[in-house]
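*Asks:* mind folding the following:
(one chain, ligands or ions: 1)
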Amino acid sequence: MATKSQLASETEAREVAEASRESEWTGASFVRELFLGRFPLHLIHPYPETDPEEIRRASPFMEKLKEFLVRVDSDMIDRTGEIPEEYVQELREMGAFGIKIPREYGGLGLSYSSYVKAMAMVTSKDGSLTALLSAHQSIGLPQPLTLFGTDEQKRRYFPRLAKGAISAFALTEVDAGSDPANMETTATPIENGAAYLISGEKLWCTNGTRADLFVVMARTPDVIVKGTPRKQITAFIVEKQWPGVEIAHRCRFMGLKAIENGVIRFTNVRVPRENILWEEGKGLKLALITLNTGRLTLPASAAGGAKALLQASRTWAAERVQWGAPIGKHEAIARKLSLMAANTFAMESISGLTVGLAERGTYDIRLEAAIAKMYNTEHGWRIVDDALQIRGGRGYETADSLRARGETPVPIERAMRDSRINLIFEGSSEIMRLFIAREAVDHHFKTAFALVDKKASGSDKRAALGRVMKFYPFWYPSRWIGRGQIPTSFGEFGKLAGHLRYAERHARKLGRSIFHAMVRYGPKLERKQMVLFRAVDIGAELFAIAATCARAKYEVSRGNKGAIALADVFCREARLRIDDLFENLYGPTDDKVYKLSQQVLKGEHAWLESGIIGMADYETVQRWESDVEAETLAAR
Ligand SMILES: Cc1cc2nc3c(=O)[nH]c(=O)nc-3n(C[C@H](O)[C@H](O)[C@H](O)COP(=O)(O)OP(=O)(O)OC[C@H]3O[C@@H](n4cnc5c(N)ncnc54)[C@H](O)[C@@H]3O)c2cc1C
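*Replies:* This next block holds a predicted model:
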């Protein structure tokens with residue numbers, strides 16, 4: 001572990017993140033507009049429909065996958081912590097490792113939407129299998145190779161990957177979790193730059209213990225920018241068989257028991273220059289772009305998991321009779337069931353919409369994807385919690401134990417263990433909110449920041465003043481009037497029109513509120529996470545309302561009239577949450593809450609922790625373990 005002085009400063013961390021950010025918006029984005037107080041529904045409505053030809057093409061694979069999953073023994077996988085090689089081989093043979101890889105390279109050549117539908121189906125059965133397939137295809141080599149690979153790299157690696165060579169994405173290190181500026185793995189140029197020597201250790205690398213190929217992010221020599229050195233991170237394709245690649249440890253977790261995840265050590269691994277992905281110094285940007293689209297799998301998986309939990313919960317709520325009625329008739333459980341269905345519909349709407357927009361190619365889905373990841377994994381977690389509560393004691397009991405007692409082995413406790421990580425990996429909920437907040441204020445920052453920036457020159461300030469005078473006198477007043485105030489607006493949505501009018505009015509309110517917060521806090525707003533995150537949550541709820549209404553209208557056109565009731569309940573509940581977030585936007589208790597947190601951080605309230613056996617101190621735990629061992633030996 002690096003010492004404190006070796007770790008990147010906050011400024012450096014921000015600079016590295018900022019340099020790797022995609023700062024340009026090349027395509028439209030509904031969510032970006034939302035944060036600017038606009039509601040361009042035409043960008044997401046009509047709801048994107050999957051091409052029937054694509055459904056037909058994907059159907060043989062989906063059938064094979066389904067038939068395989070029905071046979072998979074997930075309790076055995078969970079119990080043993082291993083995915084049997086026969087399963088992996090069967091997945092290889094049906095093409096499950098090359099779903100999106102073009103046919104010319106031996107893949108199935110299916111679309112992103114077919115891919116995420118497959119992952120949703122896999123998740124509804126087995127999280128460890130999702131981890132295997134998704135770490136390979138969402139963030140593993142096929143994804144950056146598609147986006148940034150040269151023709152030669154594609155010719156060399158796609159056919160292997162399509163046949164089932166497993167790949168892994170190696171970004172995280174002990175000190176570089178959410179903050180890649182701390183990365184220590186180095187890639188030192190040798191042979192006049194014809195090759196590099198990679199040395200370092202990557203942590204929690206999913207598929208790492210089974211992978212043939214790695215995408216490794218490593219530090220190449222700093223470049224000098226305006227007289228100061230700037231860290232460079234470069235992405236490399238590294239082969240497992242190359243000397244110096246070693247699996248140092250297999251990690252085990254609370255859930256996803258069979259995930260092939262480990263610490264991968266690289267010791268002077270020679271990597272030829274032609275294995276650089278994209279360009280030297282573009283590695284972090286590559287990782288972030290890969291994650292931007294790659295993280296569309298998790299929202300779909302979360303929705304797939306939620307559907308399975310909904311099915312298990314409604315069956316049990318109808319079957320289980322207590323106090324003279326099925327538990328689903330008692331209001332407390334009925335509410336859970338209703339919200340579970342409404343939220344599952346919303347999650348699937350968000351995921352389907354975002355994937356559909358990504359497939360258009362002209363749409364910038366960065367913000368939509370981040371919201372989808374954050375929103376669906378958080379709602380998914382609430383759903384698994386409710387499902388466990390509805391199943392009562394059986395929810396807490398393992399499937400094996402239920403089976404042994406002759407009861408249906410519904411694996412809710414496994415679903416809970418497997419799904420908790422969704423809020424952490426591929427960008428934790430906090431990092432997603434930070435990312436969304438950064439983009440939400442971006443336009444204001446670009447327009448006006450130089451006015452309050454102490455480092456800005458006189459000419460920068462004058463230019464900023466010009467931009468401010470051009471933008472705000474029109475933008476701000478126009479955020480007070482809009483379609484949402486006209487009672488007949490969005491009439492084509494029938495019963496749901498009122499929700500869209502609400503969303504339009506509150507999108508303008510959100511735009512105004514972010515502007516007010518900018519004026520109130522100035523550059524300090526960047527650090528006001530509690531305020532910013534509430535604004536992000538409002539934006540996420542508004543996006544969810546819009547996505548859900550658009551999907552409901554689409555479903556009605558296909559004869560699924562019940563979609564209206566699901567969307568209506570979802571929107572009503574989302575509106576309550578939005579009203580509450582606006583009411584408390586500036587957090588009346590934030591200052592006190594933060595002050596107390598800092599006291600806690602300093603240990604000022606450690607007296608509260610008396611009378612317990614601590615779990616945080618490694619040495620105490622070690623001493624305790626050796627005491628137990630000594631006692632056991634003495635007892636013998
Ligand atoms: C099962 C599993 C699989 C994984 N697979 C991979 C993989 O395949 N490849 C790979 O490279 N990595 C992988 N990871 C790593 C994963 O992406 C990281 O765990 C994640 O990025 C968070 O890093 P961290 O755990 O070090 O948390 P930290 O960065 O230490 O964060 C701890 C907490 O602080 C919060 N936090 C951090 N910074 C801020 C901030 N500025 N403001 C507010 N809150 C903040 C975080 O959200 C989190 O709640 C995996 C991890 C696990 C557990």
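*Asks:* residues near T408, how many?
*Replies:* T408 is flanked by 12 other residues according to other Cβ atoms under 10 Å. Where C-beta positions appear, they are placed from N, C-alpha and C, glycine not excepted.
*Asks:* Three-state assignment for it, please.
*Replies:* Assigned with DSSP: H, G, I helix; E, B strand; the rest coil, T408 falls in the coil class.
*Asks:* need the contact list for it.
*Replies:* Taking Cβ atoms under 8 Å, 6 or more residues apart in numbering as the contact definition, T408 lies against L402.
*Asks:* what's the distance between it and the ligand?
*Replies:* Taking Cβ to the nearest ligand atom, to the nearest Å as the measure, T408 falls 29 Å from the ligand.
*Asks:* cool, L147 as well?
*Replies:* Distance, L147 to the ligand, using Cβ to the nearest ligand atom: 17 Å.
*Asks:* so what secondary structure elements neighbour the helix or strand encompassing that residue?
*Replies:* Assessed by DSSP states H and E, L147 sits inside helix 142-148. If you count contacts as 3 or more Cβ pairs under 8 Å, 6 or more residues apart in numbering; DSSP states H and E, helix 142-148 packs onto helix 151-163, strand 228-239, strand 276-277, helix 283-294.
*Asks:* switch the cut-off to 7 Å
*Replies:* Helices and strands touching helix 142-148, as assessed by 3 or more Cβ pairs under 7 Å, 6 or more residues apart in numbering; DSSP states H and E, comprise helix 151-163, helix 283-294.
*Asks:* where among those is average confidence lowest?
*Replies:* Mean pLDDT is lowest for helix 283-294 among the helices and strands packed on helix 142-148, at a mean of 89.
*Asks:* report the angle between the axes of that helix and strand 228-239?
*Replies:* In terms of direction (axes from the mean of the first three to the mean of the last three Cα atoms, to 10 degrees), helix 283-294 departs from strand 228-239 by 60 degrees.
*Asks:* for helix 283-294, packing partners?
*Replies:* Secondary-structure packing of helix 283-294 (3+ Cβ pairs under 7 Å, 6+ apart): helix 10-20, helix 142-148, strand 213-225, strand 228-239, helix 366-391.
*Asks:* tell me the most buried of the ones you listed?
*Replies:* Among the helices and strands packed on helix 283-294, helix 366-391 has the highest mean neighbour count (mean count of other Cβ atoms under 10 Å), at a mean of 24.
*Asks:* quick one: is it near the ligand?
*Replies:* No: counting by Cβ under 6 Å from any ligand atom, the ligand is not contacted by helix 366-391; separation bottoms out at 10.8 Å.
*Asks:* after that helix, which helix or strand is next?
*Replies:* helix 393-396.
*Asks:* and the very next helix or strand once past that following helix, which residues are buried?
*Replies:* Heading C-terminal from helix 393-396, the first helix or strand you meet, by DSSP H and E, is helix 399-404. With burial defined by 16 or more other Cβ atoms under 10 Å, the residues of helix 399-404 counted as buried are A399, L402.
*Asks:* so which bits of stretch 289-309 are buried?
*Replies:* Quick answer for stretch 289-309 (16+ other Cβ under 10 Å): 289-309.
*Asks:* pLDDT averaged over stretch 301-318, what's the number?
*Replies:* The average of the pLDDT scores along stretch 301-318 is 98.
*Asks:* show residues contacting it.
*Replies:* 119-121, 123-124, 130, 326-328, 333, 337, 340-341, 344, 347-348, 351, 376-377, 380, 383-384, 387, 390-391, 410, 412, 415, 419, 422 (Cβ atoms under 7 Å, 6 or more residues apart in numbering).
*Asks:* any of those residues buried? List them.
*Replies:* Those of those that meet the buried threshold are 119-121, 123-124, 130, 327-328, 333, 337, 340-341, 344, 347-348, 351, 376-377, 380, 383-384, 387, 390-391, 410, 412, 415, 419, 422, by 16+ other Cβ under 10 Å.
*Asks:* what about stretch 172-190, near the ligand?
*Replies:* Yes: applying Cβ under 6 Å from any ligand atom, one finds stretch 172-190 in contact with the ligand at T172, G177, S178.
*Asks:* from these, list the buried ones, please.
*Replies:* Judged by 16+ other Cβ under 10 Å, buried ones among the residues of stretch 172-190 next to the ligand: T172, G177.
*Asks:* can I get the residues of stretch 172-190 next to the ligand in a markdown table with pLDDT, distance to V225 and secondary structure?
*Replies:* Listed next are the residues of stretch 172-190 next to the ligand as a markdown table, based on pLDDT from 0 to 100; distance: Cβ to Cβ, whole Å; DSSP: H, G, I helix; E, B strand; the rest coil:
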| residue | pLDDT | distance to V225 | secondary structure |
| --- | --- | --- | --- |
| T172 | 96 | 26 | coil |
| G177 | 93 | 25 | coil |
| S178 | 90 | 24 | coil |
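*Asks:* and which of the residues of stretch 172-190 next to the ligand is nearest the ligand?
*Replies:* Each of the residues of stretch 172-190 next to the ligand was scored against the ligand by Cβ to the nearest ligand atom, and G177 proved nearest at 1.8 Å.
*Asks:* and the closest one, backbone torsions?
*Replies:* Note on G177: backbone dihedrals following degrees, to the nearest 10 are phi -100, psi -90.
*Asks:* dig out what the closest residue to T186 other than its chain neighbours forms beta bridges with.
*Replies:* The shortest distance from T186 to any non-neighbouring residue, by Cβ to Cβ, 6 or more residues apart in numbering, is to R219 (5.0 Å). Assessed by DSSP bridges, R219 has beta-bridge partners T186, I233.
*Asks:* ok, which stretches of the stretch 51-200 of the chain are helices?
*Replies:* With DSSP state H, counting those that start in this stretch as the criterion, the stretch 51-200 of the chain has helices at 52-71, 74-80, 85-93, 112-125, 127-134, 142-148, 151-163.
*Asks:* can you list these in a markdown table and add distance to H605?
*Replies:* Formatted as a markdown table, the helices of the stretch 51-200 of the chain follow (distance: least, Cβ to Cβ, whole Å):
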| stretch | distance to H605 |
| --- | --- |
| helix 52-71 | 49 |
| helix 74-80 | 39 |
| helix 85-93 | 50 |
| helix 112-125 | 41 |
| helix 127-134 | 37 |
| helix 142-148 | 45 |
| helix 151-163 | 52 |
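*Asks:* now render the helices and strands packed on helix 283-294 as TSV, adding mean pLDDT.
*Replies:* Formatted as TSV, those follow (pLDDT from 0 to 100):
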stretch	mean pLDDT
helix 10-20	69
helix 142-148	94
strand 213-225	95
strand 228-239	94
helix 366-391	97
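*Asks:* now the residue positioned nearest the centre of the chain: closest residue in space that isn't a chain neighbour?
*Replies:* Centroid-nearest residue in the chain: K373, 3.7 Å away (criterion: Cα atoms, centre = their mean). Nearest residue to K373, sequence neighbours excluded (Cβ to Cβ, 6+ apart): R295, at 4.6 Å.
*Asks:* could you export the helix or strand where S626 lies as PDB, CA atoms only?
*Replies:* Using DSSP H and E, S626 maps to helix 618-635. Only the C-alpha atoms of helix 618-635 are listed here, as PDB (Å, rounded to 0.1, in the frame of the first residue of the first chain):
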ATOM      1  CA  TYR A 618      -6.200  -6.300  11.700                       C
ATOM      2  CA  GLU A 619      -3.800  -6.900  14.600                       C
ATOM      3  CA  THR A 620      -6.600  -7.300  17.100                       C
ATOM      4  CA  VAL A 621      -8.300  -9.700  14.800                       C
ATOM      5  CA  GLN A 622      -5.100 -11.700  14.300                       C
ATOM      6  CA  ARG A 623      -4.400 -11.800  18.100                       C
ATOM      7  CA  TRP A 624      -8.000 -12.900  18.700                       C
ATOM      8  CA  GLU A 625      -7.700 -15.600  16.100                       C
ATOM      9  CA  SER A 626      -4.400 -16.900  17.600                       C
ATOM     10  CA  ASP A 627      -6.000 -16.900  21.100                       C
ATOM     11  CA  VAL A 628      -8.900 -19.000  19.800                       C
ATOM     12  CA  GLU A 629      -6.400 -21.400  18.200                       C
ATOM     13  CA  ALA A 630      -4.300 -21.700  21.400                       C
ATOM     14  CA  GLU A 631      -7.500 -22.400  23.400                       C
ATOM     15  CA  THR A 632      -8.600 -25.000  20.900                       C
ATOM     16  CA  LEU A 633      -5.200 -26.700  21.200                       C
ATOM     17  CA  ALA A 634      -5.200 -26.500  25.000                       C
ATOM     18  CA  ALA A 635      -8.700 -28.000  25.100                       C
END
